[in-house]
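Visitor: after the sequence you'll find the predicted model.
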Amino acid sequence: MNRLVLACAGVALIAAAGGGLVAAAFAADGHHAPIFYQDPDGKPDYSPVPKKTADGRDYRPVSADDDTPAASAAGARSNTGGGNRKIKYYRNPMGLPDTSPVPKKDSMGMDYIAVFDGEDSDDGTVKLSPGKIQRSGVKSEPAARRVIRNVIRAPGTIQLDERRISVIAMRSESFVLGVANITTGSHVTKGQRLMEIYSPAIASAAAEYIATITSKTTAGDGLYGRGSRQRLINLDMPDAAIAAIEKTRNVPTSVEWDSPRDGIVLERSAVEGMRVQPGGVLFRIADHTQVWALIDIAERDLGAISLGQSATVRARSFPGRDFTGKIAVIYPEINKETRTARLRIELPNPEELLLHDMYVDAEISIGSDAPVLAVPESAVMDTGSKQAVFVDKGQGRLEPREIKLGQRGDGYVEIRQGVAEGEPVVVSANFLVDAESNLKAALKGFSEGSKP
């Protein structure tokens, strides 16, 4: 009997010595001392001292560093002064409404997660352990004031300035006697000869004017011949031709027609010998030194656009070259098919590189130079009808808070309401935090609904 007692005592001393050796080995390896021992096959069988299985295998030592529910629970109790925090239950790791009073695994071998007293409190915060925060990559960044700029990019086409187009048409029946060596696409200057025409109406008015100014009848020097001269002006006779009549006092048999502006000939209908009816267009000339860029922007961007705003236009034919202009007109209609609004950007074009109907891409910088309270876009949880962020309250407590957003740009979004300057918000892994809070809310509702 004494020998049996001595033998049992020897085994206990050896086990204790072995446990000390294991603890020393863990400490030397940089780990905490084991807090209990678990079945080597992962079964929910635990021992406070070293133990062997029926087939002689050692139980696995578990320290507070191990990522298991039981280790987390034991570590939490040891960190709070020996069991102040108690485990209420273990919840399913996949969020299913299944709890257990003891550690267990689900059908896929995943450990159930321990839920402690106070973790499901009603203070509106989500509580995560430091280990879970580190493993999930949760990071916070304080809300700060920043200058937010954004760029609206939209396609468009080049159009001629309607105010810089001239049409040369006859106001009376006329005949084209000759046409200058000018074709469609030619560049002409103001006063350059375009054609020579004969008009019976102009010839008759010129004869009347000469007769009037050469008459010896006095009707007052100021009014003398004014009606006849006005008739020539009404027939669109060039000023130079009228001046020649006044100088030579001869009725012209033909009249030379000059270009009224500098520009490019868009259309030439005049042919030598042709007869022209009143209103017949013979030339169309456009000035290309200033053009319009008609840009279609998305309807959602219309509120950020204002008249006089600067815009940069790039033509696909001239890569790397910028043309700068200002928004002159915001057309008062929305295209119901494309849901776009049209802008007119007036562009100087002194080299006449931008041509009619050319495709261009416009960039319009929007935003204010004044700094605004902003957070990274990754911090915002958008449900469609609401936007929220998680505010880091410290010690693993994350508070969901509804916010009001403003402008966006450069990877940041303006916060107009809900967060104060300097408050840290979660900027990464917030979807995991949101999933954690949803799981806890679902489990709490399930447990409360199952109470009798």
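Guide: Noted; the coordinates are in hand. All of these numbers come straight from a predicted model, not from anything done at the bench.
Visitor: surely D287 meets P260?
Guide: No - counting by CB atoms under 8 Å, P260 is not a contact partner of D287; they are 10.4 Å apart. For the C-beta atoms, the positions are set from N, CA and C on the backbone; glycine is no exception.
Visitor: more crowded one of these two?
Guide: D287 (19 against 16; other CB atoms under 10 Å).
Visitor: skipping its backbone neighbours, what lies nearest the more buried one in space?
Guide: R164 (3.8 Å; CB to CB, 6 or more residues apart in numbering).
Visitor: my guess is that neighbour contacts I285. True?
Guide: No - R164 sits out of contact with I285 when judged by CB under 8 Å, with a separation of 9.3 Å.
Visitor: which neighbours do the two share?
Guide: 261, 263 (CB atoms under 8 Å, 6 or more residues apart in numbering).
Visitor: between those two, which is the more surrounded one?
Guide: I285 (26 against 17).
Visitor: need the contact partners of the helix or strand hosting the more buried one.
Guide: I285 belongs to strand 281-286 when assigned by DSSP states H and E. Residues from elsewhere that reach strand 281-286, judged by CB under 8 Å, 6+ apart: 160-161, 164-170, 176, 188, 194-195, 257, 259-261, 263-270, 276, 356.
Visitor: can we see that at 6 Å?
Guide: Strand 281-286 is contacted from outside by 160, 165-169, 194, 263-270, using CB atoms under 6 Å, 6 or more residues apart in numbering.
Visitor: stretch 368-386 now?
Guide: Contacts for stretch 368-386 (CB under 6 Å, 6+ apart): 143, 145-148, 387-389, 402, 411-415, 421, 425, 427, 434.
Visitor: try 7 Å this time
Guide: 141, 143, 145-148, 387-389, 402, 406, 408, 411-415, 419, 421, 425-428, 430, 434 (CB atoms under 7 Å, 6 or more residues apart in numbering).
Visitor: which parts of the stretch 151-300 of the chain are strands?
Guide: Assigned by DSSP state E, counting those that start in this stretch, the strands in the stretch 151-300 of the chain fall at 165-169, 174-179, 187-188, 193-198, 255-258, 263-268, 275-276, 281-286, 290-298.
Visitor: same check on the stretch 351-452 of the chain?
Guide: 359-367, 372-376, 381-382, 387-394, 397-409, 412-417, 424-428.
Visitor: remind me what the fourth one packs against, helices and strands.
Guide: In this structure, strand 387-394 packs against strand 381-382, strand 397-409, strand 424-428, with contacts taken as 3 or more CB pairs under 7 Å, 6 or more residues apart in numbering; DSSP states H and E.
Visitor: tell me the most buried of those strands?
Guide: strand 424-428 (a mean of 21; mean count of other CB atoms under 10 Å).
Visitor: quick check: mean pLDDT of that one?
Guide: The average pLDDT within strand 424-428 is 87.
Visitor: taking strand 372-376 as reference, get the angle to that strand.
Guide: With axes from the mean of the first three to the mean of the last three CA atoms, to 10 degrees applied, the angle from strand 424-428 to strand 372-376 works out at 40 degrees.
Visitor: who touches strand 424-428?
Guide: Residues contacting strand 424-428 (CB under 7 Å, 6+ apart): 137-143, 375-376, 378-379, 389-392, 398, 419, 433.
Visitor: of those residues, grab the buried ones for PyMOL.
Guide: The buried residues among the contacts of strand 424-428 can be selected in PyMOL (16 or more other CB atoms under 10 Å) with this line:
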select buried, resi 138+140+143+375+376+378+379+389+390+391+392+398+419+433
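Visitor: pull the number of nearby residues for E272.
Guide: Number of residues near E272 (other CB under 10 Å) recorded here: 11.
Visitor: repeat for T189
Guide: For T189, the neighbour count with other CB under 10 Å is 10.
Visitor: cool, and L373?
Guide: Residues near L373, counting by other CB under 10 Å, number 20.
Visitor: excluding chain neighbours, give the residue nearest to it in space.
Guide: I415 (5.0 Å).
Visitor: of all the helices and strands packed on strand 387-394, which lies closest to R316?
Guide: strand 397-409 (25.7 Å; CB to CB).
Visitor: which strand residues bridge I113?
Guide: Beta-bridge pairing for I113 (DSSP bridges): R91.
Visitor: what number of residues lie near it?
Guide: By other CB under 10 Å, the residues close to I113 number 21.
Visitor: distance of it relative to P93?
Guide: Plainly put, I113 is 6 Å away from P93 if you go by CB to CB, to the nearest Å.
Visitor: rewinding a little: looking at the helices and strands packed on strand 387-394, which is closest to I152?
Guide: I152 lies closest, by CB to CB, to one member of the helices and strands packed on strand 387-394: strand 397-409, at 10.4 Å.
Visitor: what angle sits between the closest one and strand 372-376?
Guide: 110 degrees.
Visitor: in its sheet, which strands sit next to the strand holding I285, and in what direction?
Guide: strand 165-169 (antiparallel), strand 263-268 (antiparallel).
Visitor: mind listing what's buried in it?
Guide: Those would be 282-286, for strand 281-286 by 16+ other CB under 10 Å.
Visitor: show me how far that strand is from its chain's centre.
Guide: 44 Å (CA atoms, centre = their mean, to the nearest Å).
Visitor: that strand vs strand 174-179, what angle?
Guide: Using the same axes, to 10 degrees: strand 281-286 against strand 174-179 is 60 degrees.
Visitor: please enumerate the helices of the stretch 101-250 of the chain.
Guide: 130-136, 200-214, 226-234, 239-248 (DSSP state H, counting those that start in this stretch).
Visitor: so which of those is nearest I345?
Guide: helix 239-248 (35.7 Å).
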